[in-house]
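Peer 1: let me see the structure of the following:
(one chain, ligands or ions: 2)
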Amino acid sequence: MFRREWLRTVLQGIGIGMVVGPGIPSIASAQASEAGQGTGPLTVRVTRPFDAETPVREFASWLTPNERFFTRSHFGPPPADSVKPDAWRLTVKGLVKEELTLNLKDLQQLEAVTLTAVLQCSGNGRAHHRPKVPGVQWERGAVGNAQWTGVRLRDVLQQAGVKPQGVHVQFQGADRPALATVPLFTRSIPLAKALHPDTLLAYEMNGRPLPLLHGAPLRVITPGWMAESCMKWLTEITVRVDETPGYYMQQAYRIPETAVRLSSGLPGSAMVPVEQMPVKSLIAAPAEGDTVRIGPVTIQGVAWAGEAPVVKVEVSCDDGKTWEQARLLGEGQPYAWRQWQFVWNARTPGPTAILCRATDAQGQEQPATSPWNPGGFLWNGWDRLSVTVAA
Ligand SMILES: Nc1nc2c(c(=O)[nH]1)N[C@H]1C(S)=C(S)[C@@H](COP(=O)(O)O)O[C@H]1N2
Ligand SMILES: [Mo]
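Peer 2: Numbers count the residues shown, from 1 in each chain. Ligands and ions are numbered 1, 2, ... in the order given. All right, here's what the predicted structure looks like:
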């Protein structure tokens, strides 16, 4: 037991969660209920900290409910008492004209903003990378679409007054590793993204106070960017002249600037921080392994593309030989995902594969497989599932 804890802490320190698979639901649900919410139908990837993904069938709905939203953290949530609104404080410091200490009520004096945005872990789809990459073996569900309410980070920074030398904004949450030798999860974003009017300090998720697992009482939302920028349990904002030093900014969450050629050995290119989400789509229904009947079969799913809108989703029902365009539903909102639908006229009995791929307004197309990278980040290969047409 001791060895296991020790190993886990060391692995956490280097950014690798222990993969125990969905086999230990009792510990997982105990932890989740300690954290004040049920596991719902989540697929558990790691029990401590509680890392769990949403089964893709949930993506048939536009918003992903809080208790079915994937969750990920490096060390688990801080003690619930420390982030209760009356105990919790946010400090704003560093290269600012006036340091601030704010409570939730102070923040709520600022104009409230609500927007819907996809939150996706950079490691979502890591399990699909070849060669295999160590780390949490997320498949398709470390992503969700939620409505976030909060205040603009810009408004808070303006209240403090950013000095001209300030170019990066650092975030620290209240969560702590079990061992003092393990680095804190500290991250920064460039000032331009911090000042973007859609970058939020959110206190509500889908119209309810942020659940503990999702960062109560306040988290960062950087719409269109990967989730490691979305600091949970936020307690400190520090304006800096440079990017945050330390493991979680300088080693983890970086990708080669240009694609890696595996035959050439190591990256051989500068490593840059993961920021925007690449274009991606998923099939929510039917499900892997389903049997469908001859005749019309409704295929549905979601597609998103970081800061750009999705303009096209294509579906193949013959394992990629031919593609047809799906119908995009609704209006399309920046940062949210777009639901899509395609009615397939299934004619030939037997097994087949259904695939989907999306294109965004910048002309970026979802590739058949993603470029490999040492962290196993940003998987956005075509989604694919097997079904059987019953005679
Ligand atoms: N304080 C803190 N914030 C954090 C993390 C963390 O470990 N600590 N993990 C990040 C990562 S890697 C992800 S994928 C998202 C997950 O957010 P969720 O649990 O609300 O889905 O939180 C991000 N914010
Ligand atoms: Mo993540």
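Peer 1: in the sheet, who's paired with H168?
Peer 2: Following DSSP bridges, H168 is listed with bridge partners P190, R240.
Peer 1: any idea of the pLDDT on it?
Peer 2: Here the pLDDT value assigned to H168 is 98.
Peer 1: swap in L329?
Peer 2: 97.
Peer 1: correct me if wrong: it contacts W337.
Peer 2: No. Contact criterion C-beta atoms under 8 Å: L329 and W337 do not qualify, at 10.7 Å. Glycine gets a C-beta too; all of them are placed from N, C-alpha and C.
Peer 1: just want to know which of those two has more residues nearby.
Peer 2: W337 (28 against 13; other C-beta atoms under 10 Å).
Peer 1: contacting residues for the more buried one?
Peer 2: W62, V118, N145, V302, A303, W304, V310 (C-beta atoms under 8 Å, 6 or more residues apart in numbering).
Peer 1: switch to 7 Å and redo it
Peer 2: Contacts of W337 were listed using C-beta atoms under 7 Å, 6 or more residues apart in numbering, and they are V118, N145, V302, A303, W304.
Peer 1: who wins for most neighbours among these?
Peer 2: Within the contacts of W337, V302 tops the neighbour count with 30 neighbours, counted by other C-beta under 10 Å.
Peer 1: secondary structure of that residue: a strand, I assume?
Peer 2: Yes. Per DSSP: H, G, I helix; E, B strand; the rest coil, V302 lies within a strand segment.
Peer 1: distance-wise, check it relative to P55.
Peer 2: Using C-beta to C-beta, to the nearest Å, V302 is found at 14 Å from P55.
Peer 1: got it, and P41?
Peer 2: Separation of P41 from P55 (C-beta to C-beta): 6 Å.
Peer 1: the more surrounded of those two?
Peer 2: Per other C-beta under 10 Å, whichever of P41 and P55 has more neighbours is P55, with 17 against 12.
Peer 1: could you say which helix or strand holds Q159?
Peer 2: In this assignment (DSSP states H and E), Q159 forms part of helix 153-160.
Peer 1: okay, now the unreliable bits of the chain?
Peer 2: Across the chain, the ranges flagged by pLDDT under 70 are 1-40, 260-268.
Peer 1: wait, what's in contact with L378?
Peer 2: Here L378 is in contact with S122, I255, V274, P278, S370 (criterion: C-beta under 7 Å, 6+ apart).
Peer 1: and if we set it to 8 Å?
Peer 2: Residues in contact with L378, defined by C-beta under 8 Å, 6+ apart, are S122, M226, I255, V274, M277, P278, S370.
Peer 1: which of these are close to ligand 1?
Peer 2: With C-beta under 6 Å from any ligand atom as the criterion, no member of these is in contact with ligand 1.
Peer 1: quick check: bridge partners of W344?
Peer 2: Counting by DSSP bridges, the residues bridging with W344 are V297.
Peer 1: where does L378 fall, secondary structure wise?
Peer 2: Using DSSP H and E, L378 falls within no helix or strand.
Peer 1: show me which pair in the contacts of L378 is furthest apart.
Peer 2: For these, with distances taken as C-beta to C-beta, the pair at the greatest spread is M226 and S370 (13.6 Å).
Peer 1: so the two - more neighbours on which side?
Peer 2: Applying other C-beta under 10 Å to M226 and S370 shows that M226 carries more neighbours, namely 24 against 20.
Peer 1: and the more buried one, its phi and psi?
Peer 2: Note on M226: its backbone torsions stand at phi -60, psi 160 [degrees, to the nearest 10].
Peer 1: run a quick neighbour tally on the closest residue to ligand 2 within the chain.
Peer 2: Nearest to ligand 2 in the chain, going by C-beta to the ion, is C121, at a distance of 3.3 Å. Per other C-beta under 10 Å, the neighbour tally for C121 reads 23.
Peer 1: just give the closest residue to it, not the sequence neighbours.
Peer 2: Counting by C-beta to C-beta, 6 or more residues apart in numbering, C121 lies nearest to A142, which is 3.9 Å off, once chain neighbours are set aside.
Peer 1: tell me the contacts of that neighbour?
Peer 2: Contacts here follow C-beta under 8 Å, 6+ apart; on that basis A142 touches E53, T54, F70, R72, Q120, C121, G123, N124, G125, V136.
Peer 1: kindly report the same for V310.
Peer 2: Contacts for V310 (C-beta under 8 Å, 6+ apart) come out as V279, S281, A303, W304, L328, G332, W337, R338, A358, T359, D360, A361.
Peer 1: who wins on neighbours among those residues?
Peer 2: A358 (30 neighbours).
Peer 1: beyond the helix or strand containing it, next helix or strand please.
Peer 2: Assigned by DSSP H and E, A358 falls within strand 350-360. Reading on from strand 350-360 to the C-terminus, the next helix or strand found by DSSP H and E is strand 383-390.
Peer 1: ranges for the strands of the stretch 51-200 of the chain?
Peer 2: Using DSSP state E, counting those that start in this stretch, the strands found in the stretch 51-200 of the chain span residues 51-53, 90-94, 100-102, 112-120, 143-152, 168-173, 186-190, 200-205.
Peer 1: residues in contact with the fourth one?
Peer 2: Just to be clear, that refers to strand 112-120. Counting by C-beta under 8 Å, 6+ apart, 63, 69, 142-152, 197-198, 200, 204, 221, 223-224, 226-227, 230, 277, 304, 333-337 sit against strand 112-120.
Peer 1: and if you look at the first one?
Peer 2: Defining contact as C-beta under 8 Å, 6+ apart, one finds that strand 51-53 is touched by 17, 28, 39, 42-46, 70-73, 124, 136, 138-142.
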